[in-house]
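Asker: need a 3D model of the sequence below.
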Amino acid sequence: MPGRILSKPSALILALSIIACSGDSAKPPPSTAWDSAGITVVENSASLWQEAEGWRLADEPTVDIGVLEGESAYQLHQVMGALRLSDGRIVIANAGTEELRYYDASGVYLSASGRKGKGPGEFENLSRPRLFSGDSLLTWDWGNRRVSVFDPSGRFVRSFRLEAPGGASSMPDLLGAFPNRTLLANEGRVFRPGDAAGVQRDSVRYLVHDMEGALVDTLGRFPGPEFFVVASDDAITVTSRAFARNPQMAPHDAGLYLGSNDSYEIGHYSLSGKLDRLVRKAQPNLPVTPEDERLYIERRLESISNEAWRHQTEQMLADMPFPETMPAYSFMIVDAEENLWVLDFRRPGDEQPRWTVFDPQGVMLGIVETPPTLLVYQIGADFVIGRWRDDFDVEHVRLFELIKD
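Answerer: As a prediction, the model looks like this:
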């Protein structure tokens, strides 16, 4: 985990934060917390929710946007994000047409903003939108390498570029916006012929920008994603490593959650970049088995129809070393009530998403399952919205009620 290296606590126990409700005094608490050099460490070994308690999604969606055939406004392609606004409207980043599409609370199409191009309010590679200042939106466009601002009605306001300290050798990525009118971004590495081959993992700088795109602070360097590189003096091929340790992060109003994914440990950083809490779950990383390796290779190859590219990929996968264990988790997001949701990493073939939910203090509440193939974009106090694919691989945006028993 990035940040300060902690020694074992010297025994200043601040709290046994949650006591088991069974009344068995000999049973250890599911969560304990202590202070270590000014950092609160929260250890979780079991759920706070008791049997028959907890949260769940409704069996059927409240809103379903997406069709195989019909009006073009409801045909979705390359959905990169979806958000429910405070008045119930739903906005979808449809990168296939390079536009933001607005729908009412029941899913009826209202309007669209943007189109493909390089002009004001246009996109080349639209990515996930971020809420900013009420229902205003920030978008990041990879192709034009700029941030665009849209007001709550969807009207384009202005755009700007993010200042990158690494210059042409780095690729900035917008990660989120904070209430103090600053933006969070990081720098992605650009690989070039002659770079070292094999498994590569560099550190990544996390940056703070103002609303003009100027760099105002650096939160620090943290472990970046793992890549597998096949390189020579004049050519290079870069791909994600099998079961790669990709860092996961989730900005929210009070700061930033960030985990390196080497183990089930997640750090919470204040808006100033200070590590103030470590959240841990007593769950070892899954071991990588020969069957996992076989299924991983099979899935990497199944969509490749070009024989030359397939052969090249087969050779690359044969040379790629598999890790002994899988990452601890694969995604995280903070809901409207400041609870942290962490998507547990799954073996190939395991299609059931399982989220571990922690309260704002880092105490583990329990597990919530979401529908297979639902890519979650936003979690409100009483809803979950995301992209879902049907049996024909048609994209939908679905909103589910979040039921809290």
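Asker: can you give me the helices for the protein?
Answerer: Along the chain, counting by DSSP state H, helices occupy 290-301, 307-319.
Asker: and the shortest one, what's buried?
Answerer: Using 16 or more other Cβ atoms under 10 Å as the test for burial, helix 290-301 gives Asp292, Glu293, Tyr296, Ile297, Arg300. For the C-beta atoms, the positions are set from N, CA and C on the backbone; glycine is no exception.
Asker: what's the pLDDT at the third one?
Answerer: This points to Tyr296. Per-residue confidence (pLDDT) for Tyr296: 96.
Asker: which of the buried residues of helix 290-301 lies closest to Gly188?
Answerer: Lowest distance from Gly188 to those (Cβ to Cβ) belongs to Arg300, with 21.8 Å.
Asker: give me the beta-bridge partners of Gly81?
Answerer: Assessed by DSSP bridges, Gly81 has beta-bridge partners Ala93.
Asker: so how far is Tyr264 from it?
Answerer: 27 Å (Cβ to Cβ, to the nearest Å).
Asker: same check on Asp87?
Answerer: From Asp87 over to Tyr264 (counting by Cβ to Cβ), the distance is 38 Å.
Asker: and what of Val63?
Answerer: 34 Å.
Asker: one more: Thr32?
Answerer: 15 Å.
Asker: again, but for Val216
Answerer: 33 Å.
Asker: more neighbours: which of the two?
Answerer: Tyr264 (21 against 12; other Cβ atoms under 10 Å).
Asker: verify the stated contact: that one with Leu278.
Answerer: No. Counting by Cβ atoms under 8 Å, Tyr264 does not reach Leu278; the two are 10.9 Å apart.
Asker: spit out the contact partners of Val91.
Answerer: Residues in contact with Val91 (Cβ atoms under 8 Å, 6 or more residues apart in numbering) are Ala82, Leu83, Leu85, Leu100, Arg101, Tyr102, Tyr103, Pro129, Leu137, Gly154.
Asker: ok so, going back, show me the one of the helices of the chain that comes nearest Trp388.
Answerer: helix 290-301 (19.6 Å).
Asker: that closest one: how far from the chain's middle?
Answerer: 24 Å (Cα atoms, centre = their mean, to the nearest Å).
Asker: ok, stretch 297-317 next?
Answerer: Distance, centroid of stretch 297-317 to centroid of chain: 27 Å (Cα atoms, centre = their mean).
Asker: before we move on, what about stretch 319-337?
Answerer: The answer for stretch 319-337 is 10 Å, by Cα atoms, centre = their mean.
Asker: from here on, call the first residue 58.
Answerer: All right, first residue 58 from here; so that's stretch 376-394.
Asker: average pLDDT for that stretch?
Answerer: 97.
Asker: also stretch 100-112?
Answerer: For stretch 100-112, mean pLDDT rounds to 92.
Asker: in it, which residues are buried?
Answerer: Neighbour-count burial for stretch 100-112 flags Glu100, Asn101, Ala103, Ser104, Leu105, Trp106, Gly111, Trp112 (criterion: 16+ other Cβ under 10 Å).
Asker: end to end, how far does it reach?
Answerer: End-to-end distance for stretch 100-112, by Cα to Cα, to the nearest Å: 22 Å.
Asker: closest to the centroid, which residue in the chain?
Answerer: Phe388 (4.5 Å; Cα atoms, centre = their mean).
Asker: ok now do that one, which residues does it touch?
Answerer: Gln305, Val399, Leu400, Val433 are the contacts of Phe388 under Cβ under 8 Å, 6+ apart.
Asker: could you dump the contacts of Val148 to TSV with neighbour count and distance to Tyr166?
Answerer: Listed next are these as TSV, based on neighbours: other Cβ atoms under 10 Å; distance: Cβ to Cβ, whole Å:
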residue	neighbour count	distance to Tyr166
Ala139	27	14
Leu140	21	16
Leu142	16	15
Leu157	25	12
Arg158	24	7
Tyr159	19	8
Tyr160	22	6
Pro186	22	17
Leu194	25	17
Gly211	21	12
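Asker: identify, from those, the entry nearest to Lys175.
Answerer: For the contacts of Val148, the minimum distance to Lys175 (Cβ to Cβ) is 16.9 Å, reached by Leu157.
Asker: tell me, what's the model's pLDDT at that closest one?
Answerer: Leu157 is given a pLDDT of 98.
Asker: spit out the contact partners of it.
Answerer: Per Cβ under 8 Å, 6+ apart, neighbours of Leu157: 148-151, 169-171, 183, 186, 194, 196, 207, 211.
Asker: please report how far it lies from Ala271.
Answerer: From Leu157 to Ala271 the distance is 25 Å (Cβ to Cβ).
Asker: ok, Phe379 next?
Answerer: In terms of Cβ to Cβ, Phe379 sits 43 Å off from Ala271.
Asker: returning to what we had before: could you dump the contacts of Val148 to TSV with distance to Glu458?
Answerer: Shown next, in TSV, are the contacts of Val148 (distance: Cβ to Cβ, whole Å):
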residue	distance to Glu458
Ala139	16
Leu140	17
Leu142	17
Leu157	25
Arg158	23
Tyr159	22
Tyr160	17
Pro186	23
Leu194	24
Gly211	26
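Asker: just give me the closest of the residues you listed to Arg278.
Answerer: Pro186 (27.4 Å).
Asker: who does Ile122 bridge with?
Answerer: Val454.
Asker: need the contact list for it.
Answerer: Contacts here follow Cβ under 8 Å, 6+ apart; on that basis Ile122 touches Tyr131, Leu133, Ile147, Ile149, Tyr160, Gly164, His453, Val454, Arg455.
Asker: can you give me the strands for the stretch 208-357 of the chain?
Answerer: Using DSSP state E, counting those that start in this stretch, the strands found in the stretch 208-357 of the chain span residues 213-217, 227-234, 240-246, 255-257, 260-266, 272-280, 284-288, 293-297, 305-309, 312-316, 322-326, 332-338.
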